[in-house]
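Trainee: Test case, fold it:
(2 chains)
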Amino acid sequence: MSSEPVIKVRDLVKRYGGGVTIGPISIETMRGEILGLVGPNGSGKTTTIRCLVGLQRPSEGEVRVAGLDPLRDRKRLMRLVGYSQELPTFPPFQSGRDIIEITGRLRGLDGPELRKEVERVLDLSGLVGHADRKVGSYSKGMVQRLSLAQALIGDPEILILDEPMLGVDPAARIHIREIFLELKKAKKTILFSTHELYEVEKISDSVAMIYKGKIIVQDSVKNLLGGVGDTIRVEAELQRPQLVPLEQIRLLQGVARVELDGTRLVVEFAGGTDGRAELAELIVRSGAGLLGMTPLNKTLEDVFMEMVRIGSRG
Amino acid sequence: MAPEARAVAIIAGYELKKTMARKRVLIIVALIFLLEVSIYLISTLLPRSFINPFIPVAWAVGLLAPAGLLLHILALAVGSASFSEEYEMGTADYWLTRPISTAEYFIGKVAGSAAFMTLIIALYSLLSLLLPWFIYGPQSKLEIYVLGALSSIIAMLPFLSIGIAMGEVLRRSMLATITSSSAFFASLIAEFYLNIVGQINNDPSLIELSRLLPTWPSIRLVSSIVAEALPGGLPITGPAPIAGTIPPPELGTALASISIYAAIFLATALARLTKTDVTRRAA
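Mentor: Now for the predicted structure:
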């Protein structure tokens, strides 16, 4: 495996009119890695991706994909890269098959090889029965699948996908996730953007979190779920929640957050403090009736919110 | 086929198909064909003595009729939507992330638009030959007929290019159509005004000035070629550009003017396409 990143963005800055600036953004994706670019709407995910495929020019910084400059070498680059745009649209008067075939032809496929490859991606994307229908009659989910299919034709080594799960129903989402897992097995390099942190957790090897135009963290999913801020969250089920001594709990060492929702009490310890034993003792002594206590697994959502909080504090 | 030619052919084929699917364009095409059929049907109602001298070259009327206005309006409609609709539909992102160069995309789109215009000109030219042949019998001076049809293809180039440039610069098809149509009518009115005032005041500089306008070569080229076939030239005389022709020694100037206009506006469109970001589709 080469140590050189396949996708490299260094100090990318994009300035728009009206004083809006995205960046500086730096991200790297290694060969065979799946990187999820996550962040809220308007945070700069699409700008970064559009710079990666040469649709936008960086105001500053450097962008390289497979060692190529997307602006100067777009033709060569797009032979290696499958791209799916955010909220994809295709000419409504063409069929799904036409769209896929055009990309296949432009990637140098022809004759039986092209037909075989079209059938493969149609099958993979679940569009076999709809391939000859005009795209104008497709649902949002089908357009998203078509976008994925056209990105996959010719079996490109690199995939850059902007919000590939946006607007799809749960069944299609599961299907797309399965496609990702297949691609992961095939060691494809994938960079995809989303604001669905759950999907990133399921699919990605690593995550770059982008917030207000800046990358706040890029690390492996494993590392992020393991350790940011050393936070421990527990949920306690109470018999008599009205008796729980909330003020005393808040005074326990390391307590960062206390939430009581009906009979559920959620307490978060920060800074590596594990105050679960003291918490249990307080609840028992108060007579609130501790029915059970379970640790809450940290999710990428927690990590993201925590990183945003850290970022906001400067 | 070389990969570059293949890419251009794929995009040109797509552009041709896309243009054929546009209602605005189809309405103008329908008007052209309606005009063609109406002219020949109405001609059967005219006194035979009036039309007799023109019967052997009746095809000329069919070539001339759309060349004054509708041909250029069609060129503007086709050109102004060629690039702009891709931004509006969001398909510019699709095309400009294929393994093609910007130049191949550009050439393919322009070639597809020009191919559509050529197809329409070929069809109405054919109609303008077949209808009088069917109504009045064999037609003559067919070598001029061929030149007339070819000159129609050349004549539409300035306004096709203006439409393309406006479409790429503004990236909004309706706005581009309005702007480029305004340019066409402004040029037409200015040329008419300069000719009238120039003739009344006997001021050749105003008439010379009118020759710099894009309507001068594009509207007069077809009539100048076709007039050769008509007994005594064009039956209607009057101020340009309605009935004006270009004297044969100046045909070269007209062709040069057409080439310059087409080159300037196509270069403007290409510069905008290559030097700026691809506009995202409006949500």
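Trainee: Helices of chain A, start to end?
Mentor: Per DSSP state H, chain A carries helices over the ranges A:45-52, A:74-80, A:96-106, A:111-125, A:140-152, A:170-185, A:197-203, A:221-227, A:246-250, A:276-286, A:300-312.
Trainee: Kindly apply the preceding question to chain B instead.
Mentor: Counting by DSSP H, the helices of chain B are B:3-20, B:23-43, B:48-51, B:59-67, B:70-82, B:84-89, B:91-95, B:102-136, B:142-155, B:157-170, B:173-200, B:204-210, B:215-226, B:251-275.
Trainee: Redo the helices of chain A as TSV? Include mean pLDDT, distance to residue B:132 and mean neighbour count.
Mentor: C-beta coordinates here come from the backbone N, C-alpha and C atoms, glycine included. Output for the helices of chain A, formatted as TSV (pLDDT from 0 to 100; distance: least, CB to CB, whole Å; neighbours: other CB atoms under 10 Å in any protein chain shown):
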stretch	mean pLDDT	distance to residue B:132	mean neighbour count
helix A:45-52	94	56	25
helix A:74-80	93	50	21
helix A:96-106	94	40	22
helix A:111-125	94	47	16
helix A:140-152	92	49	24
helix A:170-185	87	59	16
helix A:197-203	82	68	19
helix A:221-227	70	77	16
helix A:246-250	92	97	14
helix A:276-286	89	98	16
helix A:300-312	71	76	17
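Trainee: sorry, back to before: closest one to residue A:73 among the helices of chain B?
Mentor: Smallest distance to residue A:73 across those (CB to CB): 12.0 Å, for helix B:102-136.
Trainee: quick one: the residue of the stretch 201-314 of chain A found nearest chain B and residue A:52, what's the gap?
Mentor: Distances between the stretch 201-314 of chain A and chain B by CB to the nearest CB are smallest at residue A:213, namely 16.4 Å. Noted for residue A:213: a distance of 16 Å to residue A:52, by CB to CB, to the nearest Å.
Trainee: same deal with residue A:171?
Mentor: From residue A:171 to residue A:52 the distance is 30 Å (CB to CB).
Trainee: ok, the residue of the stretch 201-314 of chain A closest to chain B - how many residues close by?
Mentor: 19 (other CB atoms under 10 Å in any protein chain shown).
Trainee: Flag every residue of the stretch 151-283 of chain B that's near chain A.
Mentor: Residues of the stretch 151-283 of chain B found near chain A (CB under 8 Å from any CB of the partner chain) are B:277-278, B:280-281.
Trainee: Now with 7 Å, please.
Mentor: B:277-278, B:281 (CB under 7 Å from any CB of the partner chain).
Trainee: quick one: which of those is nearest residue A:178?
Mentor: Closest to residue A:178, out of all of these and judged by CB to CB, is residue B:281, at 29.0 Å.
Trainee: Once you drop chain neighbours, what's closest to that closest one?
Mentor: Nearest non-adjacent residue to residue B:281, counting by CB to CB, 6 or more residues apart in numbering or on different chains: residue B:90, 3.4 Å away.
Trainee: and that neighbour, what are its phi and psi?
Mentor: phi 90, psi 10 (degrees, to the nearest 10).
Trainee: Quick check: it touching residue A:86?
Mentor: No - Residue B:90 lies out of contact with residue A:86 (CB atoms under 7 Å); the separation is 9.3 Å.
Trainee: Check residue A:256 and give its pLDDT.
Mentor: If you check residue A:256, the pLDDT there is 85.
Trainee: hang on, it packs against residue A:267?
Mentor: No - the pair residue A:256 and residue A:267 fails to qualify as a contact (CB under 7 Å) at a distance of 8.7 Å.
Trainee: With neighbour numbers in mind, choose between the two.
Mentor: residue A:267 (26 against 17).
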